[in-house]
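1. sequence unknown, structure follows:
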Ligand code: SF4
């Protein structure tokens, strides 16, 4: 009898989940497809493409070692690759894909989907939760998750008596001498080298000098172990801090592995709670980390599916500017915070959530950049940038392009926030405290410019009253707007 063919996407690299959970070499064969449409369809960051391709090729080898018949194809697109061999098999199955595009192309060729268990919250369950809510607040979802999954819950109440330790988790980087943790540098093998050599022929951004991302389950487990041992304890307090002294601070660096399946959220949570139960981890750090995995991650994926395919085209603020040239060259700007952040993306395809939100996206929002332009850049450049991650994060949270469906107010800030949460400003050509001088911080000037040009759109938003009132009291608003126009023009021309 013909075998069942399992299509394994580049984000389903796990033997115990989805379509592979019940697969056996006697009854199932495996296919991977490297789509040339995807490879050549964007200017990807080298780290991102290297990680995705090499991890899939390593996983294919592991499945071969287990006795599976594995076909690893390069074809013009995924559907064509599957169709080129599917007639030899009983049927083709796959995990429910993680993007609208792949869902459509696979269902068009008759692939049968197995429920996606790479998340803790099935899509239908999230939809059910969303329908029971007046607004889609992450905090409410997170509390519901804690109760539903029984995580950090004792007798129906949150362990420690509080759901949220955010107020303890917003420390700036320490001013005095401080030892930041180190992270494993992953040794590259022949599969990695083969991928690196193939990538040298493509038009990509970024560099592969730093071996910060491992490409196997073993490497992903090493990263998890390293985080739990060296960083988990102090993860919480410095979660939002930014510093020139450490690119990773106490962050786990687990999102790429969670997003391609080398690690799963259930095992990460289990290991983290084991560490917490030993009494080594402060509750604020544990709660902050758990919130990222069972709260934010699941919430974003749930929103991606309930908001629908056209959500990515939302543009509530009618922003039309192209992406600023500095996004493609970290050395082209004198803004220290921006150049440090873009340089991190070029080197590693990763910076943590605050530089993503409060530096890169904030700058794009303040400069009236088209949300979809930022979305494409983020998708191409971040190591963990699955479609389901980036669409709600960029369109809803960062750019407020959905008019408040996800976040009731825009995440924008002037230089004062960046100055408080980082050590960038001391070394910068600009001054975060002023707005109309020649050396005034562009973030500070443009913050008021943003509020002024969008004042009518926000006038009924009660969460924006205070900020709009602040703007009305500025005596130098005309000069601020004039300087803001000058800055946007200069930033668009690549001159600032
Ligand atoms: Fe960034 Fe402004 Fe601070 Fe310079 S002064 S580092 S541009 S926030």
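-> Received, thanks. Just so you know, these numbers come straight off a predicted model, no measurement behind them. Residues are numbered from 1 along each chain as shown.
2. identify the residues contacting the residue in the stretch 101-250 of the chain positioned nearest to the ligand.
-> Closest to the ligand within the stretch 101-250 of the chain is residue 242: 9.7 Å, counting by Cβ to the nearest ligand atom. C-betas here are computed from N, CA, C, even on glycine. Contacts of residue 242 were listed using Cβ atoms under 8 Å, 6 or more residues apart in numbering, and they are 173, 337, 340, 352, 354, 355, 359, 418, 421, 422, 423, 424.
3. one more pass at 7 Å, please.
-> 354, 355, 421, 422, 424 (Cβ atoms under 7 Å, 6 or more residues apart in numbering).
4. residues in contact with the second one?
-> What it means is residue 355. By Cβ under 7 Å, 6+ apart, residue 355 lies in contact with 242, 341.
5. excluding its backbone neighbours, what's nearest residue 448?
-> Once flanking residues are discounted, residue 448 sits nearest to residue 480: 4.9 Å by Cβ to Cβ, 6 or more residues apart in numbering.
6. tell me if I am right that the one you found is in a strand.
-> No - going by DSSP: H, G, I helix; E, B strand; the rest coil, the assignment for residue 480 is helix, not a strand.
7. just to revisit the earlier point, most neighbours among the contacts of residue 242, please name it.
-> residue 355 (26 neighbours; other Cβ atoms under 10 Å).
8. just to be sure, it is in a strand?
-> No - assessed with three-state DSSP, residue 355 is helix; it does not lie in a strand.
9. next one: it from residue 278, what distance?
-> 32 Å (Cβ to Cβ, to the nearest Å).
10. coming back round to it: was I right about the residue nearest to residue 448 contacting residue 486?
-> No - between residue 480 and residue 486 there is no contact under Cβ atoms under 7 Å: 10.8 Å.
11. out of those two, which sits in the busier spot?
-> Shown here are residue 480 and residue 486; by other Cβ under 10 Å, residue 480 has more neighbours (23 against 13).
12. how about the contacts made by the more buried one?
-> Applying Cβ under 7 Å, 6+ apart, one finds that residue 480 lies in contact with 435, 436, 445, 448, 449, 474.
13. in helices only, show me those residues.
-> Cross-referencing the contacts of residue 480 against helices under DSSP state H gives 445, 448, 449.
14. which of those residues lies closest to the ligand?
-> The ligand has its nearest neighbour among the ones in helices among the contacts of residue 480 in residue 445, at 9.7 Å by Cβ to the nearest ligand atom.
15. and the residue nearest to the closest one when sequence neighbours are not counted, what does it touch?
-> Leaving aside its chain neighbours, residue 445 sits nearest to residue 435 (4.6 Å; criterion: Cβ to Cβ, 6+ apart). Neighbour list for residue 435: 444, 445, 448, 480 [criterion: Cβ under 7 Å, 6+ apart].
16. for residue 435, what are phi and psi?
-> Per-residue torsions, residue 435: phi -130, psi -20 (degrees, to the nearest 10).
17. thinking again about what came up before, how about CSV for the contacts of residue 480, with pLDDT added?
-> Formatted as CSV, those follow (pLDDT from 0 to 100):
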residue, pLDDT
435, 95
436, 95
445, 97
448, 97
449, 97
474, 93
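18. quick one: which of those residues is most hemmed in?
-> Neighbour tally across the contacts of residue 480 (other Cβ under 10 Å): the maximum, 28 neighbours, falls on residue 445.
19. you'd agree that one is up against residue 487?
-> Yes - at 5.9 Å, residue 445 and residue 487 qualify as touching, with contact defined as Cβ under 7 Å.
20. how many other residues sit next to the residue in the stretch 1-150 of the chain that the ligand sits nearest to?
-> In the stretch 1-150 of the chain, the residue that lies nearest the ligand is residue 45 (22.6 Å; Cβ to the nearest ligand atom). Residue 45 sits with 26 neighbouring residues when counted by other Cβ under 10 Å.
21. going forward can the numbers begin at 42, since that is how I track them
-> Let's use 42 as the start, then, which means that last one is residue 86.
22. so this protein: which segments form each domain?
-> Split into domains by automatic domain parsing, the chain comes to 45-155, 164-222+272-348, 353-533.
23. end to end, how far does the longest one reach?
-> With Cα to Cα, to the nearest Å as the measure, the first residue of domain 353-533 is 23 Å from its last.
24. likewise for the second one?
-> End-to-end distance of domain 164-222+272-348 (Cα to Cα): 12 Å.
25. ok, for residue 194, nearest residue in space, not its chain neighbours?
-> The shortest distance from residue 194 to any non-neighbouring residue, by Cβ to Cβ, 6+ apart, is to residue 187 (5.7 Å).
26. host element of that neighbour?
-> Element membership of residue 187, judged by DSSP states H and E, is helix 179-190.
27. by contact count, what packs against that helix?
-> Other helices and strands packing on helix 179-190, by 3 or more Cβ pairs under 7 Å, 6 or more residues apart in numbering; DSSP states H and E, are helix 339-348.
28. and the next helix or strand past the lengthiest helix in the chain?
-> Longest helix in the chain, counting residues (DSSP H): helix 87-106. Once the chain leaves helix 87-106, the next helix or strand it forms, by DSSP H and E, is strand 110-116.
29. spell out which parts of this structure neighbour the ligand.
-> Residues of the chain lying close to the ligand (Cβ under 6 Å from any ligand atom) are 376-378, 456, 459-460, 465-466, 469, 471, 473, 482-484.
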